[in-house]
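1. what shape does this take:
(one chain, ligands or ions: 1)
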Amino acid sequence: MLNFAIDALIFDVDGTLAETEELHRICFNRAFAEAGLPWSWSVAQYRRLLTTTGGRERILRWIEEVEPERAARLAGPEDPFVRALHARKTELYAEGVRAGEVALCPGIPELLAQARALGIRLAIATTTSRANVEALLDAHPTALPREWFATMVCGEDTVRKKPDPEVYRIALARLGVGPVRALAVEDSKNGVLAAKGAGLAVVAIPSLYTRGDDLGPFDLLLASAAELIPLIGR
Ligand SMILES: [Mg+2]
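-> Below you'll find the predicted structure:
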């Protein structure tokens, strides 16, 4: 049990509700294969490449590593070759999400169902776009029905991205719940910092791509969402 009763659970999306990063990796590889390129990123390679922010920048870094002669001919991350690869990857990702290829994180369906049964309200606080969030929910209508979420604060709703606490402040305001009556669930340091900045207690659950990272000033570290289920009873 937690040492306080919660009225609301607020979830990050990428890496918390779903392992979205894994489909990003797969779709980079699909775009490379379609273009006849002999590149295929493993989980370990992609984990390393994720230290570069931005898809085009990540592709360019890879080319610099494996084909420096090709990289020397490119005009940076905005080069048409890089832009076309990234644009195709983005299309493939959207198709994959709609087709239900994003796996939900372990224990998430059971945790959401139990929270609902206990009358705990659910919310989303993410800096990803609303279109991405809605596509994910629509692809999982049984585990993630849209109407289960009292509010969804997405990238378009904030001026500043995590680790700024804005996204959590908006979620709390829309829920009409004080920070001491809600709990945030996050998989990354930036997310934990954002929730703590809004005064929330935070459960950190590492995802496939944040395992082993410094997750910041969390209150509780769990291996999966399933471990949270017995703690939210009141
Ligand atoms: Mg995340």
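
2. nearest spatial neighbour of Asp164, skipping sequence neighbours?
-> The spatially closest residue to Asp164, leaving aside those adjacent along the chain, is Ala194, at 6.3 Å (C-beta to C-beta, 6 or more residues apart in numbering). Where C-beta positions appear, they are placed from N, C-alpha and C, glycine not excepted.

3. ok, now how distant is the one you found from Leu112?
-> According to C-beta to C-beta, to the nearest Å, Ala194 and Leu112 sit 21 Å apart.

4. quick one: which of those two has more around it?
-> Ala194 (29 against 23; other C-beta atoms under 10 Å).

5. least trustworthy helix or strand in this structure by mean pLDDT?
-> Ranked by mean pLDDT, DSSP states H and E, the weakest helix or strand in the chain is helix 130-139, scoring a mean of 92.

6. output the contacting helices and strands for the one helix or strand the residue nearest to Asp164 maps to.
-> For Ala194, the element it lies in under DSSP states H and E is helix 189-197. If you count contacts as 3 or more C-beta pairs under 8 Å, 6 or more residues apart in numbering; DSSP states H and E, helix 189-197 packs onto helix 166-175, strand 182-186, strand 201-204.

7. quick one: stretch 32-42 to chain centroid distance?
-> The gap between where stretch 32-42 is centred and where its chain is centred comes out at 24 Å by C-alpha atoms, centre = their mean, to the nearest Å.

8. same deal with stretch 163-183?
-> For stretch 163-183, the distance to the chain centre is 18 Å (C-alpha atoms, centre = their mean).

9. start and end of it, how far apart?
-> 17 Å (C-alpha to C-alpha, to the nearest Å).

10. now check that stretch, is it near the ion?
-> No. Legend: contact between stretch 163-183 and the ion by C-beta under 5 Å from the ion is lacking; minimum distance shown is 11.5 Å.

11. for that stretch, the averaged confidence score.
-> Average pLDDT, stretch 163-183: 96.

12. buried stuff in it?
-> Neighbour counts over stretch 163-183 (16 or more other C-beta atoms under 10 Å) mark 163-172, 175, 177, 179, 181-183 as buried.

13. just stretch 209-218 next, same as before
-> Tyr209, Thr210, Leu215, Gly216, Phe218.

14. from those, pick the one nearest the ion.
-> Top of the list for closeness to the ion, among the buried residues of stretch 209-218 and by C-beta to the ion, is Thr210 at 7.4 Å.

15. for burial, what's the neighbour tally of the residue of the chain found nearest the ion?
-> The ion sits closest to Gly15 of the chain, with a gap of 3.7 Å, by C-beta to the ion. By the criterion of other C-beta under 10 Å, Gly15 has 21 neighbours.

16. ok, now Pro77?
-> By the criterion of other C-beta under 10 Å, Pro77 has 17 neighbours.

17. element containing the closest residue to it other than its chain neighbours, please.
-> Of all residues not flanking Pro77 in the chain, Arg56 sits nearest, at 3.9 Å (C-beta to C-beta, 6+ apart). Assigned by DSSP H and E, Arg56 belongs to helix 55-66.

18. output the contacting helices and strands for that helix.
-> So helix 55-66, by 3+ C-beta pairs under 8 Å, 6+ apart, packs with helix 20-34, helix 43-49, helix 68-73, helix 80-98.

19. in that helix, what counts as buried?
-> Residues Gly55, Arg56, Glu57, Arg58, Ile59, Leu60, Arg61, Trp62, Ile63 are the ones in helix 55-66 that count as buried (16+ other C-beta under 10 Å).

20. ditto for stretch 71-84
-> Neighbour-count burial for stretch 71-84, counted by 16+ other C-beta under 10 Å, picks out Ala71, Leu74, Pro77, Asp79, Val82.
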